[in-house]
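Visitor: Using only what follows, build the 3D model:
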Amino acid sequence: MNGARRRFTVAQRMLHWVMAVCILAMLFIGVGMVSTVMPKYLTLVSIHKPLGIAILVLALIRLVVRLGYGAPSLPVDLPAPMRLAAQLSHYAFYVLMIGMPLIGWGMLSAAAYPVVLFGSVHLPAILPQSDSLHALLWNAHFYLAFVFFALILLHVAAALFHALVRRDGVFEAMASVSGHNEVAPAE
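Guide: Okay, here's the model as predicted:
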């Protein structure tokens, strides 16, 4: 690591943790929505829609920041399959963080439901009204939520593996609350 950063930037860490809270909340709100017909369903829906759009915006910001600042290098002794899994899982996260809200927005557009952010602020439809398209997107949104949840579980397991077993600094690169970015000494 020739002068390379050991941690993500403060902005990257903040975006990561804010989005982690938002995404977990979104998944649990989604579970609540599909498992109830009680009056709280409408409350959950009114939270789910703007939170989804917030996640979309944050994910796009996070992608720009990631492309601009990159990421700390993985440990050189990390086995190739683990390195590949880390890279592929991060691509999958970005696809889901951006794709899920877009699918939800498209699904609501296809059903002619408004996407209300707050008060009278509505987003425009992004797809034409179509019952078959709505059904297709609803199923995609539903099943991809399970994929997302599974990916989160794998991510947490990998983080714990790096923190407790390997102790290789990967966990600390994102978990640290320090305001400065440690730089490895030049070799």
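
Visitor: got the contact list for the most centrally placed residue in the chain?
Guide: Nearest to the geometric centre of the chain sits M97, at 4.0 Å (CA atoms, centre = their mean). Counting by CB atoms under 8 Å, 6 or more residues apart in numbering, M97 touches M19, I23, I55, L56, L58, A59, R62. (Each C-beta comes from the backbone N, C-alpha and C, glycine too.)

Visitor: Over to L137?
Guide: Contacts of L137 by CB under 8 Å, 6+ apart are I103, G104, G106, M107, A110.

Visitor: Check I126 too.
Guide: By CB under 8 Å, 6+ apart, the contact set of I126 is L102, W105, G106, S109.

Visitor: now with 7 Å?
Guide: I126 makes contacts with W105, G106, S109, as judged by CB atoms under 7 Å, 6 or more residues apart in numbering.

Visitor: What distance do you get for S109 to L63?
Guide: 23 Å (CB to CB, to the nearest Å).

Visitor: Show me which of those two is the more surrounded one.
Guide: Using other CB atoms under 10 Å as the criterion, S109 and L63 rank with S109 on top: 22 against 14.

Visitor: Then that one would be within a helix, right?
Guide: Yes: S109 sits within a helix when classified using DSSP: H, G, I helix; E, B strand; the rest coil.

Visitor: I'd like the distance between the nearest residue to it once chain neighbours are set aside and Y41.
Guide: Using CB to CB, 6 or more residues apart in numbering and skipping residues adjacent in sequence, the residue nearest S109 is A125, 3.8 Å away. Going from A125 to Y41 by CB to CB gives 22 Å.

Visitor: what about these two, which has more around it?
Guide: Neighbours were counted for A125 and for Y41 using other CB under 10 Å; A125 has more, 17 against 14.

Visitor: Quickly find the element holding that one.
Guide: Assigned by DSSP states H and E, A125 belongs to no helix or strand.

Visitor: now the helices: where do they sit in the chain?
Guide: Shown for the chain, the helices assigned by DSSP state H span residues 10-34, 40-69, 80-110, 131-160, 170-175.

Visitor: Quick check: which of the ones you listed is nearest to V121?
Guide: V121 lies closest, by CB to CB, to one member of those: helix 40-69, at 8.9 Å.
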